[in-house]
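Here's my sequence, what's the structure:
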Amino acid sequence: MSLFISDAWAEGAATPPADGGILGFLPLIAIFVAFYFMLIRPQVKRAKEHRKMLEALAKGDEVATSGGLMGKITDMGDSYIAIEVAEGVVIKVQKHAVASLLPKGTLKSTNA
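Residues are numbered from 1 along each chain as shown. Prediction:
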């Protein structure tokens, strides 16, 4: 029956690596620590600062949205804010779309 396939015979058992238990995981642990300090920690810090900025928003603040619109807050709700982008033009956006809080007077200097 086995004209073309030769029988496979198991060789001796595999020998364990000689470097020990924890030393084998050391490179993996070092990579995780590097990822934590270079990627995870800064991202969590930015998210915390953004959340704090959103909680401090008030009527009359000048903001820039993530879409690039700049305007003054005219009305606020729990999850939406109304922004006046031009005289008489008010749009409603979600609060989390606000990317940054602008210094007072920024919009007057850009209109000139």
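
okay, CA-based contacts and neighbour counts for the rest of this
Will do.

so which strand or helix has Ala58?
Using DSSP states H and E, Ala58 falls within no helix or strand.

Next, the contact list for it, please.
73, 76 (CA atoms under 8 Å, 6 or more residues apart in numbering).

So, low pLDDT: which residues of this protein?
Along the chain, segments meeting pLDDT under 70 span 1-3, 6-20, 110-112.

Would you map the strands across it?
When secondary structure is read from DSSP state E, the chain shows strands at 62-65, 70-76, 80-86, 89-94, 98-102.

so which of those gets nearest Val33?
Judged by CA to CA, the one of the strands of the chain that comes nearest to Val33 is strand 98-102, at 29.5 Å.

what comes up buried for the closest one?
98-99, 101 (16 or more other CA atoms under 10 Å).

Name the nearest of these relative to Asp75.
Nearest member of those to Asp75, counting by CA to CA, is Val98, at 13.9 Å.

Among the strands of the chain, which comes closest to Leu39?
Of all those, strand 98-102 comes closest under CA to CA, at 20.1 Å.

just checking, what packs against that closest one?
Helices and strands touching strand 98-102, by 3 or more CA pairs under 8 Å, 6 or more residues apart in numbering; DSSP states H and E, are helix 41-55, strand 62-65.
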